[in-house]
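Student: Sequence and computational prediction follow.
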2 protein chains.
Amino acid sequence: MDQEIIKITARCPIRTTLELVGGKWKLLIMFQLAAQPLRLSELKKRIPDISEKMLIQELKNLVDSKLVERKNYGEVPPRVEYHLNDLGKKILPLISEMRSFAVAYEAESRV
Amino acid sequence: MDQEIIKITARCPIRTTLELVGGKWKLLIMFQLAAQPLRLSELKKRIPDISEKMLIQELKNLVDSKLVERKNYGEVPPRVEYHLNDLGKKILPLISEMRSFAVAYEAESRV
DNA sequence: GATGGTACTAACCTTTTTGTAAGTATGGAT
DNA sequence: ATCCATACTTACAAAAAGGTTAGTACCATC
């Protein structure tokens, strides 16, 4: 990579992505939504350590950022489904790279 | 992606990568080191908003995680250079995906 | 009327992350 | 003796992130 000097500013692309999907839970949530829409309770089962409060809050953030869509069936008890929209799906290659990196890292740490 | 149900555990690959390079500054530091070794003061110039304390602390973390190497020239005033080692360079595709995602996202937000 | 289920809100608390400020070490220059 | 440059340590403070707990709404069931 023969790159020129790139000074990091508040608005550099890495920062943008970090602000959108950074933190402890968002990428894990989006990873779970990669395959199919899921309800809140289903997400909670698949991400056992997350608190309900954080799950709801991070889903709301992702909806507000237009990466995830929320579908309310209007039933009682409430049935709500969340799914990645087209823009949200663009995060999947990044998630793949995160997983690949971890595998390479673990392999290196094991020798 | 026809994936089976993958339950997130404390040790899933995404979590591993988040723990290694998550947070506000590490990826930005590694991005700056992509092209060439840099001294602390050079890094500080290229990442203007970071505090010196955080820069030093995160560099130490990256060295401890064996993603970055530190070379002390043993001079006065001190001259120390940091560079990505082979393992650290494996983060670069992830950084590329972060930048690509941000570009796609900004393009989408602009229409 | 009480209970259940699900998805949510809100107040408050704890933990983690980040930043500020003061200080240190060292050889060379003044 | 003082100042300089650089890279670092440390104590403390502030900000941000994450978690706990109690509560709400509403229809269906018992």
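Tutor: Thanks, I have it. Residues are numbered from 1 along each chain as shown, chains lettered A, B, ... in the order given.
Student: tell me the centre residue of chain A?
Tutor: residue A:27 (2.6 Å; CA atoms, centre = their mean).
Student: wait, is it part of a helix?
Tutor: Yes - according to DSSP: H, G, I helix; E, B strand; the rest coil, residue A:27 belongs to a helix.
Student: Look up how far residue A:61 lies from it.
Tutor: 12 Å (CB to CB, to the nearest Å). C-betas here are computed from N, CA, C, even on glycine.
Student: Which residue ranges of chain A form helices?
Tutor: For chain A, the helices defined by DSSP state H cover A:13-21, A:26-32, A:40-46, A:52-64, A:86-89, A:92-110.
Student: Point out where chain A drops to low pLDDT.
Tutor: A:1-10, A:111 (pLDDT under 70).
Student: one more time with 50, if that's ok
Tutor: Across chain A, the ranges flagged by pLDDT under 50 are A:1-4.
Student: Close to DNA strand D: what parts of it are there?
Tutor: Taking CB under 7 Å from any atom of the strand as the contact definition, chain A meets DNA strand D at A:23-25, A:49-54, A:58, A:76-78.
Student: any idea how far residue A:58 is from the residue nearest to the centre of chain A?
Tutor: 10 Å.
Student: go on, residue A:68?
Tutor: 9 Å.
Student: What of residue A:70?
Tutor: Applying CB to CB to residue A:70 and residue A:58 gives a distance of 13 Å.
Student: With residue A:30 instead?
Tutor: For residue A:30 relative to residue A:58 (CB to CB), the value is 10 Å.
Student: Show me what residue of chain A gets nearest to DNA strand D.
Tutor: residue A:24 (2.9 Å; CB to the nearest atom of the strand).
Student: nearest residue to that residue other than its sequence neighbours?
Tutor: residue B:18 (7.1 Å; CB to CB, 6 or more residues apart in numbering or on different chains).
Student: Is it correct that that neighbour is in contact with residue A:21?
Tutor: No - using CB atoms under 8 Å, residue B:18 is not in contact with residue A:21, being 10.5 Å away.
Student: Next, the contact list for residue A:39, please.
Tutor: A:79-82 (CB atoms under 8 Å, 6 or more residues apart in numbering or on different chains).
Student: which bits of chain A sit near DNA strand C?
Tutor: So chain A meets DNA strand C at A:39-41, A:52-53, A:56, A:59-60, A:70, A:72, A:76-80 (CB under 7 Å from any atom of the strand).
Student: Make a ChimeraX selection of the buried ones in those.
Tutor: Here is the ChimeraX selection string for the buried members of the residues of chain A next to DNA strand C, based on 16 or more other CB atoms under 10 Å in any protein chain shown:
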select /A:40,59
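Student: farthest-separated two in the residues of chain A next to DNA strand C?
Tutor: The distance between the two most remote of the residues of chain A next to DNA strand C (CB to CB) is 22.2 Å, for A:53 and A:76.
Student: Find residues that contact each of residue A:68 and residue A:58.
Tutor: With CB under 8 Å, 6+ apart, residue A:68 and residue A:58 have common neighbours residue A:29.
Student: Just give me the neighbour total for residue A:96.
Tutor: Neighbour count of residue A:96, defined by other CB atoms under 10 Å in any protein chain shown: 17.
Student: wait, residue A:103
Tutor: Counted with other CB under 10 Å, residues neighbouring residue A:103 total 14.
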